[in-house]
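[1] Sequence below, structure please.
(2 chains)
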Amino acid sequence: MSILITQFFNGLSLGSVMLLIALGLAITFGLMGVINMAHGELIMVGAYMTYVIQQMFAKYLPSSIDYYYFLAIPVAFFVSAFIGWGLEKWLIQYLYHRPLDSLLATWGVSLILQQIARSIFGAPNVAVLPPSWLEGGVNFAGIVFPYKRLFILLFVLVCMLILYFYLNKTPAGRRMRAVTLNRDMASCLGISSRKVDAYAFAIGSGFAGLAGCALTLLGPIGPTIGTYYIVDAFMVVILGGVGKLIGTIFGAFGIGLVSTLTEYSTSTTMAKVVIFAMIIAFLQWKPSGLVSVKTRSLD
Amino acid sequence: MKNKTWLYWLFFLALFTAPFYLTEFRLSLLGKFLCFAIIAVGISLIWGYTGILSLGHGVYFGLGAYCMAMYLKLEDSRGHLPDFMEWSGVEKLPWFWKPFENPLFAIFSAIIIPVLLAAFLSYFTFKNRIKGVYFSLLSQAVVVVFVTLFIGKQEWTGGTNGLTNFSTVFGFSLSSPLTQIVIYLLTVLLLCFIFIFSRWLTRSRFGRVLIAIRDSENRVRFLGFNTTTYKVFVYSLSAAFAGLAGVMFVLQVGLISPAMMGIIPSIEMVLWVAVGGRNSLIGAIIGAIATNSAKSFFSENYPDIWLLFLGGLFISIVMFLPNGLAGLYESFVQRKGRRERRKNEAGSHVSRSVS
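    So this is what the prediction gives:
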């Protein structure tokens, strides 16, 4: 029983990490239909920003080092969002009608960002020391739930709520959804779709930065950390379906739970194979993912 | 038009006679690039002609290479267990390694295994009308799955090191220059054959349907074509090319490892075609040779800059040269033609006004 609970918790935890990574993608890919292969590198930027903030605190404010994380979160968000904004302005804007080409171009961006990170921070991984108040865990019925994992769960929950609120309750979010549903009609009604695109892309990239910030709690970070997560994150969005956030949530926790359970009963490598086979099998049943927006358009 | 065919022949003639004017080292590099060119032709068929962007061709290439490497490894160990199996404590040759003692079976499966995998993947996605970027991402996931599988099953595949240390093929020593030249010539011959076949294919009725699918798949479907069959066929065909390229690659390089079939090599394959021109078969071949020459030049001289250069190349090709080098050539020819026409028109105008 306790093993089952542990596995369930691990799955939930993995799912929350996946969800955090996929949230940004759910906006840029799910809502805007742009494949941003550099998304993984925006995660890396967020992670390295956390590292930089921590180093700065260690140097100038050693007394309050425990609280560096609260500064790292907004910094990671805004730096990644800024890079994403620039990316949209100078590159992706010209490729909206050529999705396959935007995939290749953003892959190029990801290679460049990786190389820049390598020349600034060096090729080996660096470790970010988590704040001391995240050490240890809750002991419940003989099972230890680490604080870090619980914190990430909470973090994801907060991010989800903010995003939900933004998309559904604010005028800016409503405009974004309008452009998603019907770009031409939205422009006719006076929404500047150029502006909305730029905002949406910046926000999606900012969420990548937040994911990077959270990933520093789980292990060392390196220039290629993004590549490691990006494929899984895209699988989450494909499985979850495009256009609705709820699908992404289901997709992330579904993949997280299934993969920890298969990992437990077989091995890590087999789990990858099983997950992929299951995604293909699932798409046979629902080709457009778990939750999809109903539409009559053909393409 | 006639002029162009003549250029093709010259190009292949230059490749065939390369052993006479290239050093052994350069020849082996060129041989490697020609294997890549074979993959590039396949990618041009599916991407440039049919509009399917596959990020998974590293797997097909890798599977072909591994099939051949298994045979080479067994021939090298002469009835004993391959060395890496002994190291990981395997006592008996696994059953699926057994048939690879036969070289013909190895070459056959180097084609058929990638084809089966490609047909499986493409049938189950195209049947459900999953296309475009979704297919690209799924094919990339296939790469991740296979790379983790090959690294994880170290006792069967040699893990991260892959398969290496081969000595002979069909009893001929792999290290002798003559064998290498014969293998090189075989590679050129294969490339030539694949090029001619693909050119014939794209100019046939079948090729027209492929282009129609690229431009408007739904319209083709409304006209009564079963687009899934066409797409599955052409995708599997390009996987077969990649598998064959893997066979020739492993014979020349003597090494195959999971790193050569990973995400980055797979997407680099697409770049070769993008550089050369996705709509042009000969462009794809030239793109593969040019990009890889640039790569070996940069990684010999400035290893740090290579990734920056590669990234910049991706961006600039997509932004400024979507049709690659071939497109550049075409527009040059067109511009020249237009200028000549204008000159003639101007001349006739003048003469008319005089009379």
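[2] Pull up the residues of the stretch 1-150 of chain B that are close to chain A.
    Residues of the stretch 1-150 of chain B found near chain A (CB under 8 Å from any CB of the partner chain) are B:47, B:51, B:53, B:121, B:124-125, B:128-130, B:132-134, B:136-138, B:140-142, B:144-145, B:148-149. Bear in mind the C-beta positions are built from the backbone N, C-alpha and C, glycine included.
[3] Can you show me the helices along the stretch 1-150 of chain B?
    Chain-ordered helices for the stretch 1-150 of chain B, with DSSP state H, counting those that start in this stretch as the definition, fall at B:2-16, B:18-21, B:24-43, B:57-77, B:83-87, B:103-126, B:133-152.
[4] what residues are up against the most centrally placed residue in chain B?
    Residue closest to the mean C-alpha point of chain B, counted by CA atoms, centre = their mean, is residue B:39 at 0.9 Å. Residue B:39 makes contact with B:57, B:61, B:241-242, B:245, B:269, B:272, B:288 under the criterion CB atoms under 8 Å, 6 or more residues apart in numbering or on different chains.
[5] sorry, back to before: let me know which of the helices of the stretch 1-150 of chain B is tucked in deepest.
    The densest packing among the helices of the stretch 1-150 of chain B, expressed as mean neighbour count by mean count of other CB atoms under 10 Å in any protein chain shown, is seen in helix B:57-77 with a mean of 27.
[6] Give me the packing partners of it, helices and strands only.
    Contact partners of helix B:57-77 among helices and strands, from 3 or more CB pairs under 8 Å, 6 or more residues apart in numbering or on different chains; DSSP states H and E: helix B:24-43, helix B:103-126, helix B:133-152, strand B:163-164, strand B:168-169, helix B:227-253, strand B:255-256, helix B:263-276.
[7] Which one of the ones you listed lies nearest to residue A:135?
    Go through those one by one with CB to CB and the one that ends up closest to residue A:135 is helix B:133-152, at 31.6 Å.
[8] What would the closest one look like as CSV? C-alpha coordinates only.
    As requested, the backbone C-alpha atoms of helix B:133-152 are provided in CSV (Å, rounded to 0.1, in the frame of the first residue of the first chain):
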residue,chain,number,x,y,z
VAL,B,133,3.9,19.6,-37.1
TYR,B,134,2.1,16.9,-35.1
PHE,B,135,3.7,14.3,-37.3
SER,B,136,7.1,16.0,-37.0
LEU,B,137,6.9,15.9,-33.2
LEU,B,138,5.7,12.3,-33.1
SER,B,139,8.6,11.3,-35.4
GLN,B,140,11.0,13.1,-33.0
ALA,B,141,9.5,11.2,-30.1
VAL,B,142,10.4,8.0,-32.0
VAL,B,143,14.0,9.1,-32.0
VAL,B,144,14.0,9.6,-28.2
VAL,B,145,12.4,6.2,-27.7
PHE,B,146,15.0,4.4,-29.8
VAL,B,147,18.0,6.2,-28.5
THR,B,148,17.0,5.5,-24.9
LEU,B,149,16.2,1.9,-25.9
PHE,B,150,19.6,1.4,-27.6
ILE,B,151,21.5,3.0,-24.7
GLY,B,152,19.5,1.1,-22.1
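[9] so what does it touch, helix or strand wise?
    Helix B:133-152 packs on helix A:99-121, helix A:225-240, helix A:268-285, helix B:57-77, helix B:103-126, helix B:263-276, going by 3+ CB pairs under 8 Å, 6+ apart.
[10] List the neighbouring strands of the lowest-mean-pLDDT helix or strand in chain A plus their orientation.
    Among the helical and strand segments of chain A, the one scoring lowest on mean pLDDT, DSSP states H and E is strand A:137-140, with a mean of 82. The sheet places strand A:137-140 alongside strand A:143-146 (antiparallel), with pairing taken from DSSP bridges.
[11] May I have the predicted confidence score for residue A:296?
    The score at residue A:296 is 68. That number is its pLDDT.
[12] Next: residue A:299.
    Looking at residue A:299, the pLDDT reads 59.
[13] weakest of the helices and strands packed on helix B:57-77 in terms of mean pLDDT?
    Note on the helices and strands packed on helix B:57-77: lowest mean pLDDT is at strand B:168-169, with a mean of 82.
[14] Go ahead and name everything in contact with that one.
    Residues outside strand B:168-169 that contact it (CB under 8 Å, 6+ apart): B:72, B:75-76, B:103, B:174, B:179, B:251.
[15] which one of these is nearest chain A?
    When the contacts of strand B:168-169 are compared for distance to chain A, the smallest value, 24.9 Å, is given by residue B:72; criterion: CB to the nearest CB.
[16] need the residues of the stretch 151-299 of chain A near chain B, please.
    A:227, A:231, A:234-235, A:238, A:267-270, A:272-273, A:276, A:279-280, A:283-284, A:287, A:298-299.
[17] what's the distance between stretch A:192-211 and the middle of its chain?
    Stretch A:192-211 has its average C-alpha position 13 Å from the chain's average C-alpha position, going by CA atoms, centre = their mean, to the nearest Å.
[18] so for it, what's the average pLDDT?
    Model confidence over stretch A:192-211 averages 92 on the pLDDT scale.
[19] just stretch B:315-323 next, same as before
    Summarised as a single mean, pLDDT over stretch B:315-323 is 88.
[20] quick one: buried residues of it?
    Neighbour counts over stretch B:315-323 (16 or more other CB atoms under 10 Å in any protein chain shown) mark B:315, B:317-318, B:321, B:323 as buried.
[21] Now the residue in the stretch 151-300 of chain B positioned nearest to chain A: closest residue in space that isn't a chain neighbour?
    Using CB to the nearest CB, residue B:152 is the residue of the stretch 151-300 of chain B that sits closest to chain A, at 3.1 Å. Take residue B:152 and drop its neighbours on the chain: the residue closest to it by CB to CB, 6 or more residues apart in numbering or on different chains is residue A:269, 3.1 Å away.
[22] wait, what's in contact with that neighbour?
    Contact criterion CB under 8 Å, 6+ apart gives B:148-149, B:151-153 as the residues in contact with residue A:269.
[23] Angles on the backbone of residue B:223, please.
    For residue B:223, the backbone dihedrals are phi -80, psi 0 (criterion: degrees, to the nearest 10).
[24] Just the pLDDT for it.
    You'll see residue B:223 listed with a pLDDT of 94.
[25] any idea which helix is longest in chain B?
    Of all the elements of type helix in chain B, the one with the most residues (DSSP state H) is helix B:324-354.
[26] Which strands or helices does that helix pack on?
    Packed against helix B:324-354, as judged by 3+ CB pairs under 8 Å, 6+ apart, are the following elements: helix B:263-276, helix B:281-301.
[27] among those helices, which is the most enclosed?
    For those, ranked by mean neighbour count under the definition mean count of other CB under 10 Å, the leader is helix B:263-276 at a mean of 24.
[28] Against which helices or strands is that helix packed?
    Using 3+ CB pairs under 8 Å, 6+ apart as the contact test, the elements touching helix B:263-276 are helix A:99-121, helix B:24-43, helix B:57-77, helix B:133-152, helix B:281-301, helix B:305-320, helix B:324-354.
[29] Relative to residue A:249, which of those helices is closest?
    Using CB to CB as the measure, helix B:133-152 is the one of those that comes nearest residue A:249, at 19.3 Å.
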